[in-house]
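Participant: coordinates for the following, if possible.
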Amino acid sequence: MFTIEEACLVVVDVQGKLATIVDESEEMIANVAKLVQAMQALEVPILWLEQNPSRLGGTALDIAQHLQGQAIAKMAFSACQEQEFVDALKASGRSQFIVTGIETHICVYQTARQLKEQGFEVEVVADAVSSRTRANKEIGLEKMKELGILPTSVEMILYELLQRADHPHFKTVLQLVK
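Facilitator: All right, here's what the predicted structure looks like:
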């Protein structure tokens, strides 16, 4: 079970034009924004990534407006190949990683896979990831599942983190998922 004390959200490359042309982009962006807002309320750390931002652009405004600090720029498809991410990962002190973003079959898959290979607990938020085609999203999710990276949903992971209806941030999360 994922917990507030051990969890960390990894937001992968929801940026530029690509963020607007992936399958079900509006729903994906809205769901990533909900996750970001909920994680901030729960004080769960967020590692925020951008693939080659000078060429692909910045994170979608609907998400970026809720993020604090700077994105970790990367050129490798897996964030685990970037020293700045590795340093932030270690600094977080967390052992559970909730992965969201685009594209499911490339950067999300490779990052989640390498986190899992390093011994971390990893789940992917199926309703907050996407690819340009639905088929590629499904292939990415299936390959991750075969590696033991289980799918979750925005509501499922948030209620899993809360664990109780009397949690001090229950109402905040409830308003986000309604």
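Participant: can you classify residue 26 by secondary structure?
Facilitator: helix (DSSP: H, G, I helix; E, B strand; the rest coil).
Participant: that one - how many residues pack around it?
Facilitator: 9 (other C-beta atoms under 10 Å). Using the backbone N, CA and C atoms, a C-beta is placed for each residue, glycine as well.
Participant: please enumerate the strands of the chain.
Facilitator: 7-12, 46-51, 72-74, 96-102, 121-130, 150-152 (DSSP state E).
Participant: quick one: residue 116 from residue 70, how far?
Facilitator: To residue 70, residue 116 is 26 Å away according to C-beta to C-beta, to the nearest Å.
Participant: my error: substitute residue 99 in the last question.
Facilitator: Look at residue 99 and residue 70: by C-beta to C-beta, they are 20 Å apart.
Participant: looking at those two, which one has more neighbours?
Facilitator: Each of residue 99 and residue 70 has its neighbours counted (other C-beta under 10 Å); residue 99 has more, 29 against 9.
Participant: and the helices in this structure, which stretches?
Facilitator: 16-21, 25-41, 53-56, 61-64, 83-92, 109-117, 134-146, 154-162, 170-177 (DSSP state H).
Participant: residues in contact with the closest residue to residue 155 other than its chain neighbours?
Facilitator: Sequence neighbours aside, residue 177 is the residue nearest to residue 155 in space, at 5.1 Å (criterion: C-beta to C-beta, 6 or more residues apart in numbering). Counting by C-beta atoms under 8 Å, 6 or more residues apart in numbering, residue 177 makes contact with 34, 154, 155, 158.
Participant: try it again with 10 Å
Facilitator: Going by C-beta atoms under 10 Å, 6 or more residues apart in numbering, residue 177 touches 31, 34, 38, 153, 154, 155, 158, 159.
Participant: neighbours of the fifth one, how many?
Facilitator: I take that to be residue 154. Neighbour tally, residue 154, other C-beta under 10 Å: 22.
Participant: grab the most central residue of this structure for me.
Facilitator: Centre of the chain computed as the mean C-alpha position; nearest residue by C-alpha atoms, centre = their mean is residue 100, 2.5 Å away.
Participant: one step back: most neighbours per residue, which of the strands of the chain?
Facilitator: strand 96-102 (a mean of 27; mean count of other C-beta atoms under 10 Å).
Participant: note down every partner strand of that one and its orientation.
Facilitator: Strands that pair with strand 96-102, judged by DSSP bridges, come out as strand 7-12 (parallel), strand 121-130 (parallel).
Participant: turn those into CSV, columns for mean pLDDT and distance to residue 167.
Facilitator: CSV is the format used below for the strands paired with strand 96-102 (pLDDT from 0 to 100; distance: least, C-beta to C-beta, whole Å):
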stretch, mean pLDDT, distance to residue 167
strand 7-12, 98, 14
strand 121-130, 98, 20
